[in-house]
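# Can you look at this prediction? I've put the sequence above it.
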Amino acid sequence: MTCVASGNAGVQQLEQRAFDLLIADVLMPNGNGLMLMRAFSRAQPLARILAVSGGGNHLPGGLCLKIASRFGADAVLGKPFNRDQLMAAVALALQPTEFSYENEHATGIQRDGEASCRGFRSDPSDEMYRVPGL
């Protein structure tokens with residue numbers, strides 16, 4: 001496991017080693033999480049991404065998570081969250097998907113957008129981000 005304090009520091013780590021999973025906050029200092037997710041997807045296309053967000057001054061958390069799904073997040077998790085929700089989100093992010101690069105282009109199906117956004121939100125009233133079993 002490698003922890004970094006900014007998006008730019010995360011990009012530097014991509015040059016040094018391979019990762020199976022990136023867990024990134026959407027809103028980060030010095031290079032945001034979206035930039036980090038884009039760089040991660042390009043550098044390590046087979047690795048998985050879990051995006052987390054509680055929102056910021058001008059963006060609500062749910063919107064940040066929808067944007068993250070368009071940047072390639074395999075799963076999303078709203079803040080605040082507990083350990084069980086984090087572990088469930090990690091498991092979901094690591095699940096293989098039925099979409100592959102070849103299938104995406106052959107069928108025209110794309111992994112971005114709400115339809116394919118698999119995610120969690122700690123607010124149980126938000127159906128889009130409901131955690132199964134919690």
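Arrived safely.
# number of nearby residues for the residue lying closest to Gly55 once chain neighbours are set aside?
Once flanking residues are discounted, Gly55 sits nearest to Gly61: 3.7 Å by C-beta to C-beta, 6 or more residues apart in numbering. Every residue, glycine included, has its C-beta placed from N, CA and C. Gly61 has 24 neighbours, counted by other C-beta atoms under 10 Å.
# What of Arg42?
10.
# sorry, back to before: which pLDDT value belongs to the residue nearest to Gly55?
pLDDT, Gly61: 91.
# do Asn57 as well
83.
# Is it within a helix or a strand, and which one?
Assigned by DSSP states H and E, Asn57 falls within no helix or strand.
# Quick check: the gap between it and Val11.
24 Å (C-beta to C-beta, to the nearest Å).
# re the thing from before, and the residue nearest to Gly55, its phi and psi?
Gly61 adopts backbone torsions of phi -60, psi -40, taken as degrees, to the nearest 10.
# so it makes contact with Val76?
No. Using C-beta atoms under 8 Å, Gly61 is not in contact with Val76, being 9.5 Å away.
# what sits in contact with each of the two?
Ser53 (C-beta atoms under 8 Å, 6 or more residues apart in numbering).
# still on that earlier bit, look at Asn57 and Val11 and report which has more neighbours.
Val11 (17 against 5).
# and the more buried one, what does it touch?
Counting by C-beta under 8 Å, 6+ apart, the residues that Val11 touches are 31, 35-36, 39.
# Now with 6 Å, please.
Ala39 (C-beta atoms under 6 Å, 6 or more residues apart in numbering).
# again with Gly72
Taking C-beta under 6 Å, 6+ apart as the test, what Gly72 contacts is 37, 41, 49.
# Can you check the pLDDT for it?
So Gly72 comes in at 89 (pLDDT).
# give me the element it is part of.
Counting by DSSP H and E, Gly72 is part of no helix or strand.
# Skipping adjacent residues, who's closest to Ala51 in space?
Ala68 (3.5 Å).
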